[in-house]
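Asker: here are the coordinates; sequence isn't available:
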Ligand SMILES: [Fe+2]
Ligand SMILES: [Fe+2]
């Protein structure tokens, strides 16, 4: 069994390439197994047309996507969905958390909506072939491939990394981003974890992945780690924990932030790579 992850959207782009970067995430994940391959598209970026063009440039046929996995509600992960569905021209299950469509705001400097854009609504999704599978618990979406579901927050040094708000029963309350889910892929005796923004905290996510799969070996992490505004203390504790957990390879981009990337590079050296649009990663 092997896995190939192609980065169709990230905030930077590979040197050299003809691809376009954007603030957002979209990965094409090919899980090749004896019993047949499963192709997953994790997130769809902001600009779906760019995701589609990048896929073409990389020789990826999006009509071969079996499952779309949406890691959380933020527009930089979901806005491209309709354009991607239009290009795929097929029925496809879309796995996400049941709270995906809740209101989600930041105050920057005044209130600003950052959730699933209004044109990406249930009606439009279904019209274009998307079948919503909204599940909030750990869920095996294909043999050996799991959605984490909601991730228990157990560490005392991690938080969602963004001051987000939602509206509950007419009250303006802190958004704990419980919809933040990641993908876990079992490869032989280890696991590969693919995250969108890791709002649940990357250490919480890894602990959860270990519990779900009953495996300790973490072959790799791919994704945004949302450490862009993290304190020095959080950066140090996160790095320490990743070392302690013996994470073998780390590919971090999008909302990880330069300081976190630099710190991770210092610790993991050739086993750390900053993510970029156009990267193809094999496990
Ligand atoms: Fe993001
Ligand atoms: Fe996010």
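Answerer: Great, that's in hand. What you see is a predicted model, and the numbers here were worked out from it, not measured in a lab. Numbering: from 1, shown residues only. Ligands and ions are numbered 1, 2, ... in the order given.

Asker: How much space separates the nearest residue to residue 260 once chain neighbours are set aside from residue 195?
Answerer: Nearest residue to residue 260, sequence neighbours excluded (C-beta to C-beta, 6 or more residues apart in numbering): residue 227, at 3.6 Å. Where you see a C-beta, it was placed from the backbone N, CA and C, and this is true even at glycine. According to C-beta to C-beta, to the nearest Å, residue 227 stands 12 Å off from residue 195.

Asker: Just want to know which of the two has more residues nearby.
Answerer: Counted by other C-beta atoms under 10 Å, residue 227 and residue 195 do not tie: residue 195 has more neighbours, with 31 against 26.

Asker: Okay, residue 227 and residue 76: tell me how far apart.
Answerer: For residue 227, the distance to residue 76 - C-beta to C-beta - is 16 Å.

Asker: and what of residue 132?
Answerer: From residue 132 to residue 76 the distance is 20 Å (C-beta to C-beta).

Asker: again, but for residue 262
Answerer: 23 Å.

Asker: ditto for residue 27
Answerer: As judged by C-beta to C-beta, residue 27 and residue 76 stand 13 Å apart.

Asker: what are the phi and psi angles of residue 86?
Answerer: Torsion angles at residue 86 (phi, psi; degrees, to the nearest 10) stand at phi -60, psi -40.

Asker: Just list the residues touching the residue most central in space within the chain, thanks.
Answerer: The geometric centre of the chain, computed from its C-alpha atoms, lies nearest to residue 196 (C-alpha atoms, centre = their mean), at 1.8 Å. Going by C-beta atoms under 8 Å, 6 or more residues apart in numbering, residue 196 touches 25, 42-43, 70-72, 74, 77, 180, 182, 223-224, 254.

Asker: Pull up the residues of the stretch 1-150 of the chain that are close to ligand 1.
Answerer: By the rule C-beta under 5 Å from the ion, the part of the stretch 1-150 of the chain lying against ligand 1 is residue 76.
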